[in-house]
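Novice: I would like to see how this sequence folds:
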Amino acid sequence: MPHGTDSTIRFSSRKGRGVEAGFTGGSITGNGGVMLVSEQDRRQASCRHSWLQLLRQRL
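Specialist: Reported below is the predicted structural model:
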């Protein structure tokens, strides 16, 4: 699609709910998702669990 278009794409509905994609979000970057995943990884890296918590999770 050309740059600056305000088009909307409609997909077939599922279970009575329509799905559509819009392209009015403005400029975005290609690495935005990577930055969010990286931030979440850093948060989880500082999380400590006891061996008992880990064992209970496995069971």
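Novice: mind listing the strands for this structure?
Specialist: Along the chain, the stretches classed as strands by DSSP state E are 8-14, 17-22.
Novice: could you dump those to TSV with mean pLDDT, distance to Ser46 and mean neighbour count?
Specialist: To be clear about C-beta, it is placed using only N, CA and C from the backbone, and glycine gets the same treatment. Listed next are the strands of the chain as TSV, based on pLDDT from 0 to 100; distance: least, C-beta to C-beta, whole Å; neighbours: other C-beta atoms under 10 Å:
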stretch	mean pLDDT	distance to Ser46	mean neighbour count
strand 8-14	79	39	9
strand 17-22	80	37	9
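Novice: quick one: low-confidence ranges for this structure?
Specialist: For the chain, the stretches with pLDDT under 70 are 1-6, 28-30, 32, 44-45.
Novice: Give the residue farthest from the middle of it.
Specialist: Within the chain, Leu52 marks the point farthest from the mean C-alpha position, 31.5 Å out by C-alpha atoms, centre = their mean.
Novice: How about the contacts made by that residue?
Specialist: Contacts of Leu52 were listed using C-beta atoms under 8 Å, 6 or more residues apart in numbering, and none were found.
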